[in-house]
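Visitor: okay, sequence plus prediction incoming.
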Amino acid sequence: MVDIQVPGGPVERSAEILTPEALEFLAGLHERFASRRDELVAARAGRRAEASRTGRLDFLPDTRDVREGDWRVAGAPEDLKDRRVEITGPTERKMAINALNSGARIWLADLEDANTPHWENVVGGQVNLADAVRGTIGFTSPEGKEYTLKPDIRHATIVMRPRGWHLDERHITFDGRPAVGALVDFGLYFFHNAQALLDRGSGPYFYLPKMESHLEARLWNDVFTHAEKTLGIAHGTVRATVLIETIPAAFEMDEILYELREHASGLNAGRWDYLFSIIKYFRDAGADFVLPDRNDVTMTAPFMRAYTELLVRTCHRRGAFAMGGMAAFIPNRRDPEVTEKALAKVHDDKRREAGDGFDGSWVAHPDLVSICDEEFTAVLGDRPNQLDKLREDVAVTADQLLDVKSTPGAATAAGLRAAVDVGVRYLASWLGGNGAAAIHNLMEDAATAEISRSQVWQWVRNEVELDTGATVTADLVREQLADVRRDLDGTPHLDVACELFEQVALAEEYPDFLTLPAYERI
Ligand SMILES: CC(=O)SCCNC(=O)CCNC(=O)[C@H](O)C(C)(C)COP(=O)(O)OP(=O)(O)OC[C@H]1O[C@@H](n2cnc3c(N)ncnc32)[C@H](O)[C@@H]1OP(=O)(O)O
Ligand SMILES: O=CC(=O)O
Ligand SMILES: [Mg+2]
């Protein structure tokens, strides 16, 4: 008998979610899969160190048969055939309703980049998802505004994103060991909703983040198969879209789809974590891997083009959906000038993706749904997707995926200041329970904040010279941090945010994820 404890204690409506049966189901997942997860996460460091030492990664020789073989992923269920617009957002109650009502085809219900895993958010997110699945979700704002699902419209199909493999959930323990965050998020959602979703003509659909190898995808596939069998749900009911958002995963797109082929729906070009991963992977590999200011690195940089072209090519060859990523520009309903610029940038981004062959893309805000829809509809016409656009013209090499040094742009003092400023502001927001925030009119979340702090770490390590002639040193960063702290005086959680920023941007030993030390502080 596994000893199941919930040190997180009761929160609003937790009794509906943390039922004895649901906890037993989680214990079963934990027993079967937690140690494999530990081994896979531990294996990441060795591969990373070797890539950094050699400055190389390559397609795997052992899986050539998979890359060259003729196989396809499972067909799409009806409500995943048209994915031209997907709105992402946290599972907070009001935003959940707004997302479902937004006109987007899909709502990526995010327990990951956009979520702080406060226990209230973890459980509250599951409460909101269960109500959303059943169509009963409602909310009254403190100002008295009523939110309900609009009648007579198609509500967005729910695709839930659990945490990545690296995070624990310490508010549930099994034999004294913290639960695996990803298994808690997946397990609770699947346990409570898989059958209810099927009864409504949908299904249990997932986005899978931050994987670094096809073996991690195999683990997810085994989790799905076990969960389906345990609850008597037909094998192959789950559909998963995998974010290709780490540099090693870009070398294993075929293999990842192959492992999940009975459950796979597609791949997504998660551009922000991808940039973070490249910096992280090659942070100590020398000047060839040093990127310019974050805002200079656009999707037209050669290495980003190589990545997205390869993703579309790989997906369509396998009958899988190729999903575009997030333009970080967001409108500001109080500032028409900001809004106009944001809309133009998002138009450009979605137009490029639709032209490249993507089947749909992400938006961060309801006011952007119509733009993404317009750009994809202009290319798709009456077709629900463009899986038939095979992109046989594309041939991408390892060198192209790793060609960071051809990225135009410069490392500037303003860029350094922005990285410190955004990093601290985001951490303060995250600590307060908001994992996504509008900062200087850009959407910031865990992935974009990872770029900021990793870039600072890399610039210090490589003694990068800025446009002003100054060399980036830990002392220079500390000066910037002191300025930012003065600017933000009075911001909730500022002291801890600054301490954390210093830790994740300047520690000699680079922390793998900023959310790991940050989780210790909530
Ligand atoms: C790298 C990646 O992983 S990207 C995916 C993860 N990131 C995300 O999902 C971020 C999603 N976006 C957001 O969280 C928000 O848009 C933010 C935090 C960036 C900005 O939010 P706000 O400051 O509230 O924006 P704003 O004030 O313009 O919102 C206007 C309305 O739109 C709603 N809204 C804004 N974004 C969303 C969204 N993504 N989903 C649903 N509703 C939304 C707000 O709740 C608000 O509703 P109301 O008028 O009923 O009060
Ligand atoms: O999850 C998406 C990303 O860009 O990161
Ligand atoms: Mg991401």
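Guide: Arrived safely, thanks for sending. Ligands and ions are numbered 1, 2, ... in the order given.

Visitor: any idea how far Ala109 is from ligand 3?
Guide: 14 Å (C-beta to the ion, to the nearest Å). Quick note: C-beta positions are derived from backbone N, CA and C, even for glycine.

Visitor: just Asn385 next, same as before
Guide: Remark: distance between Asn385 and ligand 3 (C-beta to the ion) = 23 Å.

Visitor: my guess is that residue contacts Gly357. True?
Guide: No - Asn385 is beyond contact range of Gly357, at 10.1 Å (criterion: C-beta atoms under 8 Å).

Visitor: shared neighbours, those two?
Guide: Here Asn385 and Gly357 have no joint contacts, going by C-beta atoms under 8 Å, 6 or more residues apart in numbering.

Visitor: dump the residue contacts of Gly423.
Guide: Contacts for Gly423 (C-beta under 8 Å, 6+ apart) come out as Ala449, Ser452, Arg453, Val456, Phe501, Val504, Ala505.

Visitor: near ligand 3, which residues of this structure show up?
Guide: Among all residues of the chain, those adjacent to ligand 3 (criterion: C-beta under 5 Å from the ion) are Asp113, Glu245, Gly270, Asp273, Ala447.

Visitor: if we ignore the residues flanking it in sequence, what's nearest the second one?
Guide: Right, Glu245. Nearest-residue entry for Glu245: Gly270, 3.1 Å, with adjacent residues in sequence omitted and distances by C-beta to C-beta, 6 or more residues apart in numbering.

Visitor: burial count for Arg521?
Guide: For Arg521, the count of nearby residues is 13 (other C-beta atoms under 10 Å).

Visitor: ditto for Ala285
Guide: Look at Ala285: counted by other C-beta under 10 Å, it has 20 neighbours.

Visitor: is it in a helix, a strand, or coil?
Guide: Under DSSP: H, G, I helix; E, B strand; the rest coil, the three-state class of Ala285 is coil.

Visitor: report the contact partners of the nearest residue to it once chain neighbours are set aside.
Guide: Excluding its sequence neighbours, the residue lying closest to Ala285 (C-beta to C-beta, 6+ apart) is Ser52, at 4.5 Å. If you count contacts by C-beta under 8 Å, 6+ apart, Ser52 has them with Tyr281, Phe282, Arg283, Asp284, Ala285.

Visitor: now the first one: phi and psi?
Guide: According to degrees, to the nearest 10, the main-chain angles of Tyr281 amount to phi -60, psi -40.

Visitor: list the contacts of the residue lying closest to Val456 once chain neighbours are set aside.
Guide: In space, Val456 comes closest to Ala505 once its chain neighbours are excluded; the distance is 4.1 Å by C-beta to C-beta, 6+ apart. Neighbour list for Ala505: Val420, Gly423, Arg453, Ser454, Val456, Trp457, Val460, Val477 [criterion: C-beta under 8 Å, 6+ apart].

Visitor: on that earlier part again, what sits against the residue nearest to Glu245?
Guide: By C-beta under 8 Å, 6+ apart, the residues touching Gly270 are Pro209, Leu243, Ile244, Glu245, Gly325, Met326, Ala447.

Visitor: before we move on, the earlier item: out of the contacts of Ala505, which is most surrounded?
Guide: Of all those, the highest neighbour tally under other C-beta under 10 Å goes to Gly423, namely 31 neighbours.

Visitor: can you give me the helices in the stretch 251-400 of the chain?
Guide: When secondary structure is read from DSSP state H, counting those that start in this stretch, the stretch 251-400 of the chain shows helices at 253-259, 271-281, 302-317, 336-356, 369-380, 398-401.
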